[in-house]
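Trainee: the sequence and its predicted three-dimensional model are supplied below.
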Amino acid sequence: MKNIFKTAVWLSICLLSGTHLFTVAALAVGQGKNPSPLAAWHRYEDKLVGFSIQYDAEKFSTDPGQIGPFVFRREAPGGFSGLGVTVGPYPPGTALKDTAGLIVGSLPGMIPGLIIRQVHNQQIIKLADGTRANYFELEGDLGGTKLRAAFVAAQKDDQLFVYGASDLRGGPQEHLKGMVRTLRFDVEVDQAALKARGFASDGLFVRTDPPAFTLKFPKAFRNRRLMANQIFRAGIPQNSPSMSISIWSFSPGQDTPEQLVAMAKGYANSLKSVGSDIKIISQNPIAVYQPYDACEVQVVWRYRGGDTLTTLVRVIAKKDKAILLAGHTIYGTDELIDIFKTVNLDP
C-alpha cells in the first residue's frame, strides 16, 4: 500500500497547484564533463504530441520516468545534471517573450533551496523548422552548488513546449544551448497512439489501451497540465469544478475491493499535503459500474487555508487496473456525479 499512498501524494501535490511545473527536472546539480559532438547526439521523437529533440545520450543516459507535465526526461547517472521537455496549455494572453518570466518565477517554489542569481541572454529565435521560440539562460545556486541552465519555450497550437537542460556553471554553456535549440515540431501525431493512452476532444474522453473506457465532460471544460500519473485533467476557466483521471495498478494477491478503498482513502488523506481540515464524510462501495467493482469517497477540506472544497473520488476496477476519477468543487457534487456517470467501460 506504500506505493498507492506515494502516488496519491504526488497527485494531490500537483492537482490544484497553480504553479507552473515547466522545468523542475531540468534544474538539478550538474556534473562536469566534456560534451559529445552534435553528430553523436541521439534524436528522440514523440508521436503523441508531435515533436523531436536531440540530446547528448552519453551524458544524459538515465531515464527517471515521466511525471506530471514532462513528456521526456533524462539525467546523468546519479541524478545530478538533467534535461526535460514539458507540455501544457499555453497561458492565454501571454506573449512568447513573457514565458521566461512564468518559467523562472515557478522554479523556487518547486525546488526548495533554489536561488536564481541571473536570467540572461533572452532572445526570440527561430528553431530549425522555422518555429519562433523564446531562448534564455539561467544561473543559480542549489544547496551551495552553482548551476547553469538553458531553455527554449515555443507554442504549438494551444500548447506551450519547454525544453530545458542544466549543468554546473563551470560546464560548457554552448553544450546546453545546442541541445535545447534542437527542438522541432516535425513529427506527425499518431492519433491511434494518442487515443490508446487517452485523448479528449469536444467533450469526449477516449482511451483504447487497457483499461479501455470513454467519459463525457462539459464542453466548457478546458484541458489543464497533467500531473503525476494523470491521463486527463480539465475544468472550467474559473477553476471550479474540475476533474482528473488517472490509472493505478493493483498489488497482486490482495483483495480488489479492499484495494479500491485503500486507493480512494489514500488519495483523500494525501490532500493534507496541500490543504487542511480534511474530513472524509462518506465512504461506500457503489454499484453504478456493475459488473465492475467500484467505491466512492467524499471529502470536505480547505485548500491552503482558503476555499472549502468538496472532493469526490471514484475508483473503478477493470481487470488488473484501477481507474481513479477525482473531482473538486466549491459547489454541490451533482455536476461531478453526472460526469462520472457517463463512464462507459465497454466502449
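Mentor: All right, it came through fine. As the structure is a prediction and not an experimental result, all values here were calculated from the model.
Trainee: which parts of this protein are helices?
Mentor: Per DSSP state H, the chain carries helices over the ranges 2-15, 99-110, 173-180, 191-197, 256-270, 334-340.
Trainee: need those helices in a markdown table with distance to Glu296 and mean pLDDT, can you?
Mentor: Just so you know, the C-beta spots here come from the backbone N, C-alpha and C atoms, and that holds for glycine as well. As requested, these are exported to a markdown table (distance: least, Cβ to Cβ, whole Å; pLDDT from 0 to 100):
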| stretch | distance to Glu296 | mean pLDDT |
| --- | --- | --- |
| helix 2-15 | 16 | 36 |
| helix 99-110 | 32 | 84 |
| helix 173-180 | 45 | 91 |
| helix 191-197 | 25 | 83 |
| helix 256-270 | 7 | 88 |
| helix 334-340 | 9 | 95 |
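Trainee: so which of these gets nearest Thr310?
Mentor: Of all the helices of the chain, helix 334-340 sits nearest to Thr310, with 8.4 Å by Cβ to Cβ.
Trainee: Lys321: what's it in contact with?
Mentor: Pro210, Pro211, Ile247, Trp248, Ser249, Phe250 (Cβ atoms under 8 Å, 6 or more residues apart in numbering).
Trainee: my read: the fourth one touches Asp320, true?
Mentor: The reference is to Trp248. No - Trp248 lies out of contact with Asp320 (Cβ atoms under 8 Å); the separation is 10.5 Å.
Trainee: more neighbours: those two, which one.
Mentor: Trp248 (21 against 11; other Cβ atoms under 10 Å).
Trainee: could you give the bridge partners of Ala294?
Mentor: As for beta bridges, Ala294 partners with Ile316 under DSSP bridges.
Trainee: is it true that it touches Met263?
Mentor: No - assessed by Cβ under 8 Å, Ala294 is found out of contact with Met263, at 11.0 Å.
Trainee: joint contacts of the two?
Mentor: Val315.
Trainee: domain parsing for this structure?
Mentor: 18-180, 191-340 (automatic domain parsing).
Trainee: distance to Pro347 added to the ones you listed, as JSON lines?
Mentor: As requested, the domains of the chain are exported to JSON lines (distance: least, Cβ to Cβ, whole Å):
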{"stretch": "domain 18-180", "distance to Pro347": "20"}
{"stretch": "domain 191-340", "distance to Pro347": "5"}
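Trainee: for the ones you listed, which has the smallest mean pLDDT value?
Mentor: Sorting the domains of the chain by mean pLDDT places domain 18-180 lowest, at a mean of 81.
Trainee: what sits against the closest residue to His120 other than its chain neighbours?
Mentor: Using Cβ to Cβ, 6 or more residues apart in numbering and skipping the chain neighbours, the partner closest in space to His120 is Glu137 (5.6 Å). Counting by Cβ under 8 Å, 6+ apart, Glu137 touches Val119, His120, Asn121, Gln122, Arg148, Ala149, Ala150, Phe151, Gln173, Leu176, Lys177.
Trainee: Glu137 pairs with what?
Mentor: Counting by DSSP bridges, the residues bridging with Glu137 are His120, Ala150.
Trainee: ok, now how distant is it from Leu107?
Mentor: As defined by Cβ to Cβ, to the nearest Å, Glu137 lies at a distance of 14 Å from Leu107.
Trainee: got it, and Tyr44?
Mentor: 24 Å.
Trainee: higher neighbour count, those two?
Mentor: Leu107 (22 against 16).
Trainee: test my guess that that one contacts Ile115.
Mentor: No - counting by Cβ under 8 Å, Ile115 is not a contact partner of Leu107; they are 10.1 Å apart.
Trainee: what sits closest to Gly140 if chain neighbours are left out?
Mentor: Ile116 (4.4 Å).
Trainee: which residues does that neighbour contact?
Mentor: Val104, Leu107, Pro108, Leu138, Glu139, Gly140.
Trainee: top of those residues by neighbour count?
Mentor: Busiest of the contacts of Ile116 [other Cβ under 10 Å] is Leu138, holding 25 neighbours.
Trainee: quick check: the nearest residue to that residue once chain neighbours are set aside vs Thr94, distance?
Mentor: Residue nearest to Leu138 in three dimensions, not counting chain neighbours: Ala149, with 4.6 Å by Cβ to Cβ, 6+ apart. With distances taken as Cβ to Cβ, Ala149 is found 21 Å from Thr94.
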